[in-house]
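# no FASTA, just this:
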């Protein structure tokens with residue numbers, strides 16, 4: 001009888017990666033653990049052992065997406081120019097989404113879920129949103145008369161909207177034209 005395959009970190013990473021694509025394409029309810037396990041060369045028992053089931057796997061996909069996103073934002077250097085730093089964070093937002101489209105869709109597609117009161121930034125989003133809000137807070141007051149949180153929400157909405165449209169294939173032009181449009185929108189949004 002063959003030895004059972006260990007449920008290690010590599011298998012966990014494979015299941016999270018495959019799970020991000022499956023949830024992105026069919027939603028968390030359309031996720032078949034049997035098909036996912038077969039694609040990973042394992043059994044559904046591994047999914048239950050590593051994640052406790054479908055909900056745990058979806059949560060791991062969301063967490064991994066935000067981990068990657070936070071890592072990308074943390075790699076943006078902070079300089080003496082808060083406007084340039086904010087622009088660089090906006091570019092990192094798009095770069096992360098294009099590099100991790102399945103994770104991006106799952107992160108912002110409702111799979112994360114929240115039981116938090118309306119009006120609060122969900123806990124899962126707070127660390128990455130905090131980076132944006134802190135960058136906005138560094139701007140001179142004349143560039144953010146409405147307050148750091150409000151401007152950060154406006155900038156996030158703009159970036160998220162453009163990136164979501166791009167990932168859905170709804171923005172015309174070449175990749176270079178879409179990048180130029182995105183850059184222009186970011187620059188214009190602070191005026």
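Cool, got the structure. Predicted model, so just to flag it, every value in this text is computed and none were measured.

# Next, the buried residues of the helix or strand of the chain with the lowest mean pLDDT.
Across the helices and strands of the chain, the lowest-confidence element by mean pLDDT, DSSP states H and E is helix 126-137, at a mean of 89. For helix 126-137, burial by neighbour count (16 or more other Cβ atoms under 10 Å) applies to 128-129, 131-133, 135-136. Heads up, the C-betas are built off the backbone N, CA and C, glycines and all.

# which helices and strands sit right next to that helix?
When contacts are defined as 3 or more Cβ pairs under 8 Å, 6 or more residues apart in numbering; DSSP states H and E, helix 126-137 packs onto helix 54-74, helix 82-99, helix 148-167.

# Using TSV, please lay out the ones you listed together with mean neighbour count, mean pLDDT and distance to residue 185.
Formatted as TSV, the helices and strands packed on helix 126-137 follow (neighbours: other Cβ atoms under 10 Å; pLDDT from 0 to 100; distance: least, Cβ to Cβ, whole Å):
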stretch	mean neighbour count	mean pLDDT	distance to residue 185
helix 54-74	19	93	19
helix 82-99	19	96	9
helix 148-167	17	93	6
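
# With distance to residue 34 as extra columns, can I get the ones you listed in CSV?
CSV is the format used below for the helices and strands packed on helix 126-137 (distance: least, Cβ to Cβ, whole Å):
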stretch, distance to residue 34
helix 54-74, 11
helix 82-99, 29
helix 148-167, 28
